[in-house]
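J.: Just a sequence and a predicted model for now, questions to come.
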There are 2 protein chains.
Amino acid sequence: MDLRSIMGIYILGRCMCKMVTLKDVAKSAGVHPSVVSRVVNNDDGLHIKEDTRRRILDTIKELNYRPNQSARNLKKNETKMLGMVIPDFSNPVYASIIHGAEDQAAMENYNLLVYSMKQKGLKKNYFSHLLEDRIDGLLIANSESDDTEILELQKTNKPFVLVNRLINGINNYVVLNDELGGKLATKHLTELGHKRIAHITGPLFTGTGLRRFQGYRQGLREADIEFNSSHVQESEYTVESGYASMQKLLNLPELPTAIFASNIMICLGAMRAIYDKGLSIPEDISIVGIHDTFFGSSLFPSLTTVKMPLYEMGAESVKKLIASIKGDERENGQGLTIKEASLIVRDSTRELD
Amino acid sequence: MDLRSIMGIYILGRCMCKMVTLKDVAKSAGVHPSVVSRVVNNDDGLHIKEDTRRRILDTIKELNYRPNQSARNLKKNETKMLGMVIPDFSNPVYASIIHGAEDQAAMENYNLLVYSMKQKGLKKNYFSHLLEDRIDGLLIANSESDDTEILELQKTNKPFVLVNRLINGINNYVVLNDELGGKLATKHLTELGHKRIAHITGPLFTGTGLRRFQGYRQGLREADIEFNSSHVQESEYTVESGYASMQKLLNLPELPTAIFASNIMICLGAMRAIYDKGLSIPEDISIVGIHDTFFGSSLFPSLTTVKMPLYEMGAESVKKLIASIKGDERENGQGLTIKEASLIVRDSTRELD
DNA sequence: TTGTATGCGTTATCAC
DNA sequence: GTGATAACGCATACAA
């Protein structure tokens, strides 16, 4: 290493760290850049003398060479990045999905770029822009945005996967067995002897809300309990809306003895409403929710809930997306429903006297 | 548009969407690519005939041209992406920080790439790799990782900012006024007449845990209450650890009448421990936490807590990081402490009889 | 087994 | 005002 290069690197004591390139490695190892490239990429099929490989590998380490991603991206026309759109980071449901997605992505050498819809100054055609700008594929895990915008994405040549969401005509999706979830919750209550079981649904224009509702009806049916529409309140997936819906149920002439809340936010709101009315859980009213969050067992009383495989859904979505990116047509256009769902019994439900 | 190009675009009915490049736009608009580039980049100083500009802009719209980010990145040696390391997506505290960071990043035309330390198969030197691979700068918001690894980062030419964390010798940080937070929590309790106020601290090797503890002592001092070390339990920032710590406090010969929990996780654990012991909040024991999360008002009882400006901290961190990237040396090496903190009184604390 | 040549799409520095 | 040209760092088809 000569004086000039040292001077190039240190200017006024601040490390400018001029990037080490393939060429530098090649020169230092006394080979042609393309050979270095092949070694770096573990290009099998192309055999490289063991001696040269060693020498190159050593030089790489010595110079601390790291390939320039941007150059790679440009050359190979891929970014090894996946996008993911979620409604809101503070929603614990999405935290689990992200976790699964991130793990799977890392395992397959991709990075996950998560965008929340709460982001300020969100533009129209946000998805398309995303997809065409930086990422190789997109996971769409938000329930709110307009279907038409998503349908537009099909005009792009880049793949996307719907996560926990269904849209007519789009078959790249991964969803949960929400119907089973709703049924498990409801059956738990019927098995405890409850008859007047109310359901606070999610928005019924969402697949999750609707399917959990169907599970509820199925659960009632299997217990030979007649469906009573006054026991159903449609709510948004928010604490506030859950609270309001519960209040309506509490104004019924004959109070329900049990509540099935369609998600954790609704559930929190409903519990608060019950307390504010001066009633106790589970003494006066049992309640069961959907989704097992980190604070479920910290609530008072701890929450009986249905655990849905959110982590797995995240991971499977990434698998599917990467398969699409790699052009695996078997994966493309085949929806996946993850079957499992399980009841976690805690203290918010009790047997009816 | 001639037949050949159409054939190039559609193969077997599937849109291959061959990327539209600068060249395509140039050819179609009858100018040289470099002119298009200047228009796209709003290159002021270089004047472009209004007529040409219009024509180019129209062509861009018509062909739906979008600049190739990878090429830009390569050329300009920047990615317009910021990395952010957090311990865990499911921690609601970080959700707020991310939200603020994401907003600010979007406003300054950056993307935010969030990595959790829970990610599977995390390698050594993870931070350095991150920093050199894809991003222009890094926000480090995790409290766990080794200081030495972070000190290593200084050898890189890319900037980073510590978020909610202090390390000796590193002055690029944004932190909260945790001492004030601790003091506010404690003073609230003293003002309610409590004398035996226990504190479940965070890990005392973390700046946050330590400073909140100092705030606690200061709060006691200002109320002329003598510090009692048996009233202090050190805990991790987890529900389980908070539970265990509270159990120890509940075994004291003389029970504390109030608890200050150093964060929301600890707080949840402590509340559960109190209930499991058969005691009531706030009748038997008052409790106040740090951080206002979406479920704070949904807990039973709703939680009195200190609201810290997490969102702002996220936003400020990004501002600082981008300033560093742009080479603004005033920003570089100047720590920032966000002063505000405010008490939110709910139902988990009450006046001592 | 290794070297050569070319180009990915863009921007910057020229010259005209 | 606009056009020509080179270069960013890498990967790959092809030649040797």
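T.: The structure has been received and is ready for your questions.

J.: what's in contact with stretch A:159-175?
T.: Under the criterion Cβ atoms under 8 Å, 6 or more residues apart in numbering or on different chains, residues A:84, A:97, A:127, A:131, A:137-143, A:147, A:150-151, A:153-154, A:176, A:206-208, A:313-314, A:316-317, A:320-321, A:324-325, A:332-338 lie in contact with stretch A:159-175. C-beta here means a position set from N, CA and C on the backbone, and glycine is covered the same way.

J.: Quick one: buried ones out of those residues?
T.: Listed as buried from the contacts of stretch A:159-175 are A:84, A:97, A:127, A:131, A:137-143, A:150, A:153, A:176, A:206-208, A:313-314, A:316-317, A:320-321, A:324-325, A:336-338; burial here means 16 or more other Cβ atoms under 10 Å in any protein chain shown.

J.: Point me to the residue of chain A nearest DNA strand C.
T.: Closest residue of chain A to DNA strand C, Cβ to the nearest atom of the strand: residue A:47 (2.4 Å).

J.: Let me know the pLDDT of that residue.
T.: Listed pLDDT for residue A:47 reads 77.

J.: Tell me how many other residues crowd it.
T.: 9 (other Cβ atoms under 10 Å in any protein chain shown).

J.: Please apply the same query to residue A:122.
T.: The burial count for residue A:122: 12, using other Cβ under 10 Å.

J.: Is it located within a strand, as I assumed?
T.: No. Counting by DSSP: H, G, I helix; E, B strand; the rest coil, residue A:122 is not part of a strand but coil.

J.: Against DNA strand D, how distant is it?
T.: Distance of residue A:122 to DNA strand D, computed by Cβ to the nearest atom of the strand, to the nearest Å: 31 Å.

J.: Residue A:134 versus that residue, what's the distance?
T.: As judged by Cβ to Cβ, to the nearest Å, residue A:122 and residue A:134 stand 16 Å apart.

J.: Repeat that for residue A:251.
T.: 51 Å.

J.: what's the answer for residue A:117, then?
T.: To residue A:134, residue A:117 is 17 Å away according to Cβ to Cβ.

J.: Who has more neighbours out of the two?
T.: With neighbours defined as other Cβ under 10 Å, residue A:117 and residue A:134 compare such that residue A:134 has more, 21 against 15.

J.: looking at it, the more buried one is touching residue A:113, isn't it?
T.: Yes. Applying Cβ atoms under 8 Å as the test, residue A:134 and residue A:113 come out as touching, 6.9 Å apart.

J.: which neighbours do the two share?
T.: Taking Cβ under 8 Å, 6+ apart as the contact rule, residue A:134 and residue A:113 both touch A:81, A:83, B:81, B:111.

J.: So which residues on the stretch 51-200 of chain A come close to DNA strand C?
T.: A:51, A:52, A:53, A:71, A:74, A:75, A:77 (Cβ under 7 Å from any atom of the strand).

J.: Contacts only, for the fourth one.
T.: Residues counted as contacts of residue A:71 (Cβ under 8 Å, 6+ apart) are residue B:74.

J.: My reading is that it is in a helix; is that accurate?
T.: Yes. Assigned with three-state DSSP, residue A:71 falls within a helix.

J.: And it, how far from residue B:246?
T.: From residue A:71 to residue B:246 the distance is 55 Å (Cβ to Cβ).

J.: Does the residue of chain A closest to DNA strand C lie in a helix or a strand, and which?
T.: Assessed by DSSP states H and E, residue A:47 sits outside every helix and strand.

J.: Restricted to buried residues, select the residues of the stretch 51-200 of chain A next to DNA strand C in PyMOL.
T.: Only the buried entries of these go into this PyMOL selection, using 16+ other Cβ under 10 Å:
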select buried, chain A and resi 52+74
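
J.: among the residues of the stretch 51-200 of chain A next to DNA strand C, which are in reach of DNA strand D?
T.: Restricting those to those near DNA strand D - Cβ under 7 Å from any atom of the strand - leaves A:71, A:74, A:75.

J.: Not counting its neighbours along the chain, what's nearest residue A:100?
T.: Leaving aside its chain neighbours, residue A:100 sits nearest to residue A:314 (2.8 Å; criterion: Cβ to Cβ, 6 or more residues apart in numbering or on different chains).
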